[in-house]
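Enquirer: build me a structure from this.
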Amino acid sequence: MSRVAVIAARSALTALFLLSLLVASAMAEVSFAKERIRLITASGRTHDLTVELAREPGQREQGLMYRRQMAPNHGMLFDFGETRPVMMWMRNTYLPLDMLFIASDGTIRTIHENAVPLSEAIIDSREPVAYVLELNAGSVKRLGISPGDRLEGAGLPSTEKAN
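Expert: From the prediction side, this is the model:
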């Protein structure tokens, strides 16, 4: 290999290394607050979940990308701050996920199970929603989640009546 080729290869490797550091640094800057939420099924069963909150545009953009694992009964709650059609995808997401599309009152409207890791296929809420909850794939079946079930906590409306 000529001296010029060696210098060019080193320069390319250095640029690639610096770019990877920049991407890692940008991702490290995005942090997520954690809160507990409660899932209440139509049958009255309750499940407590720990969620990371994605409320800001940068948080919603990153979501669960690049993660390799997530604990059981954990997830990420995307809060869009308004009710609107929502489209998600799995780009750079290694975890298979169940997605719950949730109305502003905390009611689960639609569900997409087993989203395919790394897919760029659009996953559509099919109707306007205010929130999306991403859970490990299989959680919908394991917890018996259905449209019409409700979530409470993390800013979601509560159904508890004041005494």
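
Enquirer: what is the burial count for residue 154?
Expert: Neighbourhood size, residue 154 [other C-beta atoms under 10 Å]: 22. Where C-beta positions appear, they are placed from N, C-alpha and C, glycine not excepted.

Enquirer: ok, the closest residue to residue 67 other than its chain neighbours - contacts?
Expert: Spatial nearest neighbour of residue 67, chain neighbours left out: residue 95 (5.9 Å); criterion: C-beta to C-beta, 6 or more residues apart in numbering. By C-beta atoms under 8 Å, 6 or more residues apart in numbering, the contact list for residue 95 reads 64, 67-70, 117, 136-137.

Enquirer: run through the strands of the protein in chain order.
Expert: Under the criterion DSSP state E, strands of the chain are mapped to 34-40, 46-54, 74-84, 87-88, 97-102, 108-115, 123-124, 129-136, 150-152.

Enquirer: tell me the strands beside the fifth one, with direction?
Expert: This means strand 97-102. Here strand 97-102 has these sheet partners by DSSP bridges: strand 108-115 (antiparallel), strand 129-136 (antiparallel).

Enquirer: with the second one instead?
Expert: Within its sheet, and counting by DSSP bridges, strand 46-54 is paired with strand 34-40 (antiparallel), strand 74-84 (parallel).

Enquirer: circling back: PyMOL command to pick out the buried ones of the contacts of residue 95?
Expert: To isolate the buried members of those in PyMOL, using 16 or more other C-beta atoms under 10 Å:
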select buried, resi 64+70+136+137
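
Enquirer: which of the contacts of residue 95 sit farthest apart?
Expert: Using C-beta to C-beta, the two most remote members of the contacts of residue 95 are 68 and 137, lying 14.0 Å apart.
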